[in-house]
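> Please find the sequence and the predicted model below.
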Amino acid sequence: MGDVSTSQTSPLPFLKGHGTENDFVIVPDPDNAVDLPAATVARLCDRRAGIGGDGLLHVVRSAAHPEARHMAGEAEWFMDYRNADGSVAEMCGNGVRVFARYLQRAGHIDAGDMSLATRGGVKKVHIAKAPSGSGATGGDITVSMGRAVLPEEGVTVSVSGRSWPARNVNMGNPHAVAFVEELAHAGDLLTVPPFTPASVYPDGVNVEFVVDRGDRHVAMRVHERGSGETRSCGTGACAVAVAAARRDNLDPAVTGAPVTYTVDLPGGRLVITERPDGEIEMTGGAVIVAEGTIDPVLLETERP
């Protein structure tokens, strides 16, 4: 694998996309030939000195990536996802939708059903056809997000002198879901909201603050681990829907009936359905907004 920090001399193609305004730098690299050190990713995601994004989607064929080769038989493409600070992440629900939209735009896949590999496992994806006459490049995208794990041990989250119990939900990545009176109680979310005991999330956590908007309808803000507050978080919306359902004494595994919650985020709306077998489906839009090339200088190890 090449090292862009020393050997990349030609402009590197990229795209920019978002899912409910959770935005990403997209780097197509089917053969896994481009090295993306954490410092380079952070520079590309910098909103003032780089392209800007909540994260980076490195598009690689599963067979070409050592972390995904074991999934190549199920999914041709691997989403090598990075947070805005350059750290590696297991999964990003909005990222999966944008990743799928890129593959559709590039002609690698068509509308319909497909499988995509992530560090959180193989995800089933369905791209709906755009409504006739809508002018849209594609319909909503539904992602099977897997099953939620609900560890018994939760935490207490505190902001500006207020504290709330937070439900521990794992969607392949960790979440702490706190139900609050007003979304403004979350504060500015520039830094990680303090939580105790710290031992519950030794590798950090995504923290969601949630208010009710109606029957099976909630709104949320989120501090994403490694990225700060983002306009949307797909796994966070799934965690919120599951936490809300359990709070409301709804469990599809017990009732045998699916449960659907509408989740409003600063960047838009997602619809989350938990099925009796535990599988969670997330439906929302995804848009590619720009395409271009990255100056090799931006990829150097040290800033000029």
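Yep, it's here. Residues are numbered from 1 along each chain as shown.
> Now that P197 has come up, it's in contact with V155, right?
Yes - using Cβ atoms under 8 Å, P197 makes contact with V155 at a distance of 6.6 Å. The C-beta positions use only the backbone N, C-alpha and C, and glycine is treated the same way.
> Who has more neighbours out of these two?
V155 (23 against 10; other Cβ atoms under 10 Å).
> Can you tell me how far the more buried one is from N94?
Going from V155 to N94 by Cβ to Cβ, to the nearest Å gives 24 Å.
> Same check on E300?
In terms of Cβ to Cβ, E300 sits 30 Å off from N94.
> Of those two, which one has the most company?
N94 (35 against 16).
> list the buried ones in the helix or strand hosting the more buried one?
Secondary structure from DSSP states H and E places N94 in helix 93-105. By 16 or more other Cβ atoms under 10 Å, the buried positions in helix 93-105 come out as 93-105.
> Remind me what the following helix or strand past it packs against, helices and strands.
Sequence order places strand 112-118 as the next helix or strand after helix 93-105, per DSSP H and E. In terms of contacts (3 or more Cβ pairs under 8 Å, 6 or more residues apart in numbering; DSSP states H and E), strand 112-118 is packed against strand 77-83, helix 93-105, strand 121-127.
> What residues of strand 112-118 count as buried?
114, 116-118.
> what is the orientation angle of it with strand 77-83?
50 degrees (axes from the mean of the first three to the mean of the last three Cα atoms, to 10 degrees).
> Quick check: mean pLDDT of strand 112-118?
Over the span of strand 112-118, the pLDDT mean works out to 96.
> Next: stretch 28-39.
Averaging pLDDT along stretch 28-39 gives 96.
> mind listing what's buried in it?
Result for stretch 28-39 [16+ other Cβ under 10 Å]: buried residues 28-29, 32, 34-36, 39.
> what's the answer for stretch 127-147, then?
Neighbour count says stretch 127-147 has 127, 138-147 buried, by 16+ other Cβ under 10 Å.
> Now do the helices in the protein.
4-7, 38-45, 93-105, 234-247, 252-255 (DSSP state H).
> For R269, find the nearest of those helices.
Proximity to R269 (Cβ to Cβ) singles out helix 234-247 among the helices of the chain, at 9.4 Å.
> Name the residues of the closest one that are buried.
By neighbour count on 16+ other Cβ under 10 Å, the buried set for helix 234-247 is 234-246.
> and those residues as TSV, adding distance to V88 and pLDDT?
Compiled in TSV, the buried residues of helix 234-247 are given as follows (distance: Cβ to Cβ, whole Å; pLDDT from 0 to 100):
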residue	distance to V88	pLDDT
G234	17	91
T235	15	90
G236	18	95
A237	22	96
C238	20	96
A239	20	98
V240	24	98
A241	26	98
V242	25	98
A243	26	98
A244	29	98
A245	30	98
R246	30	98
